[in-house]
Structures are given as structure tokens and as C-alpha cells.
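Trainee: Here you go, sequence then predicted model.
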Amino acid sequence: MKILTEEVALRDETRATEQARPQMKKRKHADAAKAFAVTQRGLTDRTDALIETIIELPNGEQDFKKEIAQLTNAANAMNDAEEILDSPNTGPEAIAAETEAIEWLLMAKRGGGGGGGGGSPGNGSRNGGVSNASALALLGQSNEKKAKVQDRETNQATGKSGRDLPEEFRAGLDRYFEVLEGNQQP
């Protein structure tokens, strides 16, 4: 789901902007937040279009009832995020709304309710706390759909150079470099 990937990127940009806010001029921060709101609007519109596409499928409304509800919840969270960003605010409230949208998108992507954790996403997360939850949506995604993990032999990459030297040469080289570095007198 490209919408999910872009929502994660938007949340990362929002978080980075919030962290940089103390060093930013007020106007520049406001412009960035407003630009994020425009991006969020685009993602919301695409989510709404996806919901409509699913509904238009034969038996789509019946067969994908749960996914439609989850995508609708994601779109609602995106609307919240857009309003917060447009205010302009890139703080914890915006990040929490974006995170809530991501969690709903993840559930829709999985095709169900997901496992563990309990409760719906976003419960109480807009009370000023910073959400550093990582979206695990991208875990395992690849362009190569039939890719398999292969065991292969690897060589030592560090701490090995050239050929092995006899012990007396190594001791002499160690002594030489100690003198060069000024650690000992000759």
C-alpha cells in the first residue's frame, strides 16, 4: 500500500520538523506544517478513493466490510491530522493522529483485526505524549516477491589484512609503531 508508505514518511517528516522547530523561524515552521497538511489531504483523498473502489467491487461492501471500516477510520484520523497540521502544529497531537492513521492502515493491510495489544489504535495518545511507535508495515516488503533467504559463506571483513606474519615480526612491528606513536622510547 503506497498510502501507508507515504503516511509513514509524512509522520517522519512531521516529527523531524517538530524536533527542529526551536531552531526554525516561526514562518518557516508554519509553512512546513501547512505543506504537510496539503500532503495529508492528498493521502486522505486517495484513501477515500480506495474505499470507493473496494465498494464498487462485486460484493465489495459485504466481502470487505471490516477493511472498509478500518480504511474509514484511517481516513478520519488523517482528517484529524490535516486539521492539526493546518493550525499549524507539528507537535505530539499531529504525530499521534498520523500514527493512528498508520495503525488503521496496517490493520486494513493485514486484512483483519491483527493480533495482541488490544483496543483500537490511538486510545488516549493525543494527550501530549510523544509517539515513537515504529510502523512495522515495511518489514519484509521487497520488490522480489519470491525471494528466499540463502545461507552463504562470508569472510572476515575487519581485523584481517594481508598474510599472517611470524610472531617475531609482529612483535617487532608492534614495538616500531609504539615508538612512532611516542608511547615508548627506543
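Mentor: Structure's in. What do you need? Quantities reported herein were computed from a predicted structural model and do not represent experimental measurements.
Trainee: from the chain's centre, how far out does the worst-scoring helix or strand of the chain on mean pLDDT sit?
Mentor: Least confident helix or strand of the chain, by mean pLDDT, DSSP states H and E, is helix 167-180 with a mean of 80. Relative to the chain's own centre, helix 167-180 is displaced by 49 Å; criterion: CA atoms, centre = their mean, to the nearest Å.
Trainee: same deal with stretch 167-184?
Mentor: 49 Å.
Trainee: do stretch 28-35 as well
Mentor: Centroid separation for stretch 28-35 versus its chain: 21 Å, with CA atoms, centre = their mean.
Trainee: Residues in contact with it: which ones?
Mentor: Contacts with stretch 28-35, where a contact means CB atoms under 8 Å, 6 or more residues apart in numbering, come from 17, 21, 24, 85, 86, 87, 88, 89, 90, 94. No exception for glycine: its C-beta is placed from N, CA and C like everyone else's.
Trainee: Next one, pLDDT for the fifth one please.
Mentor: Confidence per residue is given as pLDDT, and for residue 86 that number is 94.
Trainee: Spatially nearest residue to it (excluding sequence neighbours)?
Mentor: residue 37 (3.9 Å; CB to CB, 6 or more residues apart in numbering).
Trainee: residues contacting that neighbour?
Mentor: 82, 83, 85, 86, 88.
Trainee: Give me the buried subset of these.
Mentor: 82, 85, 86, 88 (16 or more other CB atoms under 10 Å).
Trainee: Tabulate those (JSON lines), appending distance to residue 179 and secondary structure.
Mentor: Listed next are those as JSON lines, based on distance: CB to CB, whole Å; DSSP: H, G, I helix; E, B strand; the rest coil:
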{"residue": "82", "distance to residue 179": "67", "secondary structure": "helix"}
{"residue": "85", "distance to residue 179": "63", "secondary structure": "helix"}
{"residue": "86", "distance to residue 179": "67", "secondary structure": "helix"}
{"residue": "88", "distance to residue 179": "63", "secondary structure": "coil"}
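Trainee: between these, which is nearest residue 170?
Mentor: residue 85 (61.8 Å; CB to CB).
Trainee: and the closest one, what does it touch?
Mentor: Shown in contact with residue 85 (CB under 8 Å, 6+ apart): 14, 33, 34, 36, 37, 40, 94.
Trainee: tell me the contacts of the first one?
Mentor: Applying CB under 8 Å, 6+ apart to residue 14 gives the contacts 36, 85, 90, 94, 95, 98.
Trainee: give me that answer again for 7 Å
Mentor: 36, 90, 94, 95, 98 (CB atoms under 7 Å, 6 or more residues apart in numbering).
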